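**Q** output the structure for:
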Amino acid sequence: MSVKKKMVRILMLLFFILATVLADGDPHQNSKQSTKVQHSDQGLMENINQKLDSLTKLVVEHISETKRQVEVQNEELKKLTSGTNRRLDQLAALVDQHHNQLLNFDFAGKCLVSRSTQLTTLSRKTYFFDGKTRGNWSLANETCRQHGLHLATIGSVQELRMVWNEARSIDDSKDWWVSAKKEDTDYHWLDGSKLPEDSSLWWRYRTNDTDDCVSIAWLGEGTLLTESCNKTLNFVCQLPDNCYN
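**A** Sure, this is the predicted structure:
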């Protein structure tokens with residue numbers, strides 16, 4: 001190897017050593033710097049750990065609060081569901097009840113009438129003479145309604161005679177309720193029409209005007225008579241006129 005090359009290699013080695021020393025610096029100083037870095041890193045990690053602990057605590061609290069709210073909402077939903085189910089059960093029972101009631105009805109024209117009702121047509125009107133059930137005027141009116149009818153309204157002497165004859169063929173020992181009733185000082189039928197005091201439908205021997213309800217008298221050849229509304233009588237129901245209109 002030539003001298004020149006040897007010199008170059010020595011210079012390169014010296015340069016490397018010098019560069020290493022400059023890079024490392026004072027060993028004591030480097031140790032101090034390393035200690036500072038370690039302390040700085042340790043403080044940074046402690047700060048990070050504290051923040052992580054705080055963040056974890058917030059997350060746990062948020063999860064707990066969310067869980068509590070969900071539980072409250074679930075309880076409210078259970079109550080709402082329970083109430084809804086109860087109402088649905090009541091509605092289903094009501095539908096079943098009405099369905100069973102409808103099974104006991106047939107159509108008479110456009111009207112539903114109880115199948116147990118034996119209708120009788122006289123002239124142009126249809127009646128039901130209930131000779132089995134007896135009651136006061138209010139009970140008679142309600143019973144007719146339950147059959148899909150109403151207490152009879154009499155419009156003429158001829159009609160009254162026909163109804164009276166049919167009623168007597170069923171029971172000739174009792175008067176029969178019809179729909180007329182006193183309102184204030186006058187008598188009216190259920191359709192709102194007035195039954196005048198001087199009507200030829202009244203029995204001529206009628207003397208008691210203190211009674212509020214009206215019946216067909218079993219005596220008198222087909223006339224009307226005032227009665228106490230609490231009296232127990234048979235009654236005549238009528239199919240509404242609009243059932244066949």
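**Q** pick out the residue nearest the middle of this structure.
**A** Nearest to the mean C-alpha position of the chain, counting by Cα atoms, centre = their mean, stands residue 87 at 6.3 Å.
**Q** assumed that residue was part of a helix.
**A** Yes: assessed by DSSP: H, G, I helix; E, B strand; the rest coil, residue 87 belongs to a helix.
**Q** any low-confidence regions in the protein?
**A** Counting by pLDDT under 70, the ranges of the chain that qualify are 1-41, 96-116, 205-209, 244-245.
**Q** show the subsequent helix or strand relative to the longest strand seen in it.
**A** Using DSSP state E, we find that the single longest strand of the chain is strand 125-135. Counting by DSSP states H and E, the next helix or strand C-terminal to strand 125-135 is helix 137-146.
**Q** just the buried residues of that following helix, please?
**A** Buried residues in helix 137-146, defined by neighbour count with 16 or more other Cβ atoms under 10 Å: 137, 139-141, 143-144. C-beta: built from backbone N, CA, C; applies to glycine.
**Q** I'd guessed residue 211 sits against residue 187; true?
**A** No: with contact defined as Cβ atoms under 8 Å, residue 211 does not count as touching residue 187 (10.2 Å).
**Q** looking at the two, which one has more neighbours?
**A** The neighbour comparison of residue 211 against residue 187 (other Cβ atoms under 10 Å) goes to residue 187, with 21 against 16.
**Q** so which strand or helix has that one?
**A** Secondary structure from DSSP H and E places residue 187 in strand 186-188.
**Q** contact partners of that strand?
**A** 180-182, 194-195, 197, 214 (Cβ atoms under 8 Å, 6 or more residues apart in numbering).
**Q** at 6 Å instead, please
**A** Residues outside strand 186-188 that contact it (Cβ atoms under 6 Å, 6 or more residues apart in numbering) are 180, 194-195.
**Q** show me where this protein has strands.
**A** 105-108, 111-114, 120-122, 125-135, 150-151, 176-183, 186-188, 194-195, 213-216, 224-227, 233-238.
**Q** could you dump those to JSON lines with distance to residue 64?
**A** Formatted as JSON lines, these follow (distance: least, Cβ to Cβ, whole Å):
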{"stretch": "strand 105-108", "distance to residue 64": "61"}
{"stretch": "strand 111-114", "distance to residue 64": "62"}
{"stretch": "strand 120-122", "distance to residue 64": "78"}
{"stretch": "strand 125-135", "distance to residue 64": "68"}
{"stretch": "strand 150-151", "distance to residue 64": "68"}
{"stretch": "strand 176-183", "distance to residue 64": "71"}
{"stretch": "strand 186-188", "distance to residue 64": "73"}
{"stretch": "strand 194-195", "distance to residue 64": "78"}
{"stretch": "strand 213-216", "distance to residue 64": "74"}
{"stretch": "strand 224-227", "distance to residue 64": "78"}
{"stretch": "strand 233-238", "distance to residue 64": "71"}
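**Q** fine, thanks again, bye for now.
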